[in-house]
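> my questions concern the predicted model and sequence given below.
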Amino acid sequence: MKDKVYIETSVISYLAARRSTDLVVAGHQETTRKWWRERRGEFKPYCSQLVVREASKGDARVARRRLRLLRGLPVLQVDEAAETLAARLTRSGGIPREAPEDALHVAVATVHRMDYLLTWNCKHIANAEIRWNLSATCSAEGLVLPIICTPEELMGG
C-alpha cells in the first residue's frame, strides 16, 4: 500500500507559478516539479477543502492552473475534529494564532492519518523549532503527527 501524502497549498502554488527570478524560489519550484513528475506516483496524494479554497484565490488564470493540478486528488474534509485540533495547535504555541490556516493544514493531515504532509511553508509548518510542539500536542490527543517535509526531503534515495 502506498503512503498517503497531504499536498499543502504552497506545493501546488510552486507548481503553477511562472519560474521565479529569485534563485532559491526557482530551485524550489524545479524540485517541486521534479517531485510531481517523478515521485508523486509512488504515493497516494490528497488535498483538502482548505487547499482547494486557497488555490482558488488570486489571479484567475493561475488559480485555474492550480485547480487543474488538484483535479483527481481525493479531497479531505475539514471536519470538527480537525478544527478542534487546529485550535489546540495554536493554543499550545506550536503555530501562531495569526496563522490559523496553517494549523488547519496540520490538523487535517493529522486527523485523516496522512503519512506525510508536503509543504514549502517553512515558517509555520515545516519548521524544526516547532515540530516538537506539534508532535506533543497531537500525541496528547492520541494522534500521530505526519512526517512534515518539503518536496526536496521526499525525493527518495
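All right, it came through fine.

> packing partners of the lengthiest helix in the chain?
Looking across the chain with DSSP state H, the single longest helix is helix 23-38. In terms of contacts (3 or more Cβ pairs under 8 Å, 6 or more residues apart in numbering; DSSP states H and E), helix 23-38 is packed against helix 9-16. C-beta here means a position set from N, CA and C on the backbone, and glycine is covered the same way.

> low-confidence bits of this structure, can you list those?
Low-confidence segments of the chain (pLDDT under 70): none present.

> let me know the outermost residue of it.
In the chain, the residue that sits farthest from the middle, by Cα atoms, centre = their mean, is Thr21; the gap is 23.8 Å.

> and what about that one, helix, strand or coil?
coil (DSSP: H, G, I helix; E, B strand; the rest coil).

> who touches the residue nearest to Leu85 when sequence neighbours are not counted in this structure?
Nearest non-adjacent residue to Leu85, counting by Cβ to Cβ, 6 or more residues apart in numbering: Ala107, 3.9 Å away. Ala107 makes contact with 81-86, 89 under the criterion Cβ atoms under 8 Å, 6 or more residues apart in numbering.

> which helix or strand contains Ala107?
Assigned by DSSP states H and E, Ala107 belongs to helix 100-111.

> let me know the angle separating that helix from helix 9-16.
100 degrees (axes from the mean of the first three to the mean of the last three Cα atoms, to 10 degrees).

> show the subsequent helix or strand relative to helix 100-111.
Downstream of helix 100-111, the next assigned helix or strand under DSSP H and E is strand 116-118.

> just checking: what are the partner strands of that following strand?
Strand pairing for strand 116-118, using DSSP bridges, gives strand 3-7 (parallel), strand 147-149 (parallel).

> I'd like these as CSV, with distance to Leu134 appended.
Below are the strands paired with strand 116-118 laid out as CSV (distance: least, Cβ to Cβ, whole Å):
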stretch, distance to Leu134
strand 3-7, 14
strand 147-149, 8
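
> now those in a markdown table, with distance to His124 and mean neighbour count?
Formatted as a markdown table, the strands paired with strand 116-118 follow (distance: least, Cβ to Cβ, whole Å; neighbours: other Cβ atoms under 10 Å):
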| stretch | distance to His124 | mean neighbour count |
| --- | --- | --- |
| strand 3-7 | 15 | 22 |
| strand 147-149 | 11 | 20 |
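
> so for Val111, which of those strands sits nearest?
Across the strands paired with strand 116-118, the minimum distance to Val111, taken as Cβ to Cβ, is reached by strand 3-7, at 10.5 Å.
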